[in-house]
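>>> Any chance you could fold what I've pasted below:
(one chain, ligands or ions: 2)
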Amino acid sequence: MFKKLKEERTLVMVKPDGVKRGLVGEIVKRIEQRGLKLIALEMFQATKEDIEKHYSTSEENLKNMGGKLVSTCEKYNIDMIKEFGTSDPVKLGALVHSWLGEYLTSGPMVKMVVQGILAVEMVRKLAGNTMPAQAEMGTIRGDFSVDSGIIANTQRRAVRNVVHASGNVAEAEFEIGLWFKSDEIHSYKRAEEEIMF
Ligand code: GDP
Ligand code: MG
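Ligands and ions are numbered 1, 2, ... in the order given. All right, here's what the predicted structure looks like:
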């Protein structure tokens, strides 16, 4: 049970805006500084088909992404029917899903597998809230992004928030399997493992 917690894995990607802004080192630094272990890393160019697979089109996931769009529209009094022809979170989530294909193929990304104690939750904390305005200072998104849901939605594009981090353990397992072959994932001990836990 403890071994499993210590060896939890998550997928992190520096999105094209993060790569173009030279933030790869900063992001890797924050992950390593926390005591989490990089066990795979590569720069690559994603295709739209890859991104379609990466973000699930399950009703649950579309509803989650569409829900964020709905909250933003409600907060800023945007008429969703007038703007997007629907207020259904699943349909709006499908719209966000299509914008992600454009965003994440707009330049190279850096993908990595990160392992360590509660890696999924720890890296989500490091990344911060999806929406830059709601991301705490000290998080990657809070410190390095300024885009807003409202501007992105009206421009029909995904929010530019520098980094991707798996949302839960099941998502992490799926995403790692999608982006890495098992022989591309490495095994070694970090000094912290003898000292910090
Ligand atoms: P994450 O896990 O924090 O990255 O958030 P999600 O899985 O909900 O969404 C995936 C990505 O879609 C986000 O990181 C954003 O780039 C984008 N996105 C999510 N919600 C919205 C939204 O309401 N509007 C727009 N324009 N983009 C969004
Ligand atoms: Mg997500």
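>>> quick one: residue 86 from residue 77, how far?
As for residue 86, its distance to residue 77 is 17 Å (criterion: Cβ to Cβ, to the nearest Å). Any C-beta I mention is one placed from the backbone N, CA and C, and that applies to glycine too.
>>> With residue 58 instead?
Taken as Cβ to Cβ, the span from residue 58 to residue 77 is 30 Å.
>>> the more surrounded of those two?
Neighbours per residue (other Cβ atoms under 10 Å) separate residue 58 from residue 77, with residue 58 holding more: 11 against 6.
>>> and that one, how far is that from residue 135?
25 Å.
>>> One more: residue 76?
According to Cβ to Cβ, residue 76 and residue 135 sit 18 Å apart.
>>> got a list of what residue 176 touches?
9, 10, 11, 113, 185 (Cβ atoms under 8 Å, 6 or more residues apart in numbering).
>>> What's opposite the residue most central in space within the chain in the beta bridge?
The residue lying closest to the centre of the chain (Cα atoms, centre = their mean) is residue 164, at 1.8 Å. Per DSSP bridges, the residues bridged to residue 164 are residue 13.
>>> Report the separation between it and ligand 1.
6 Å (Cβ to the nearest ligand atom, to the nearest Å).
>>> Sweet, I'm off.
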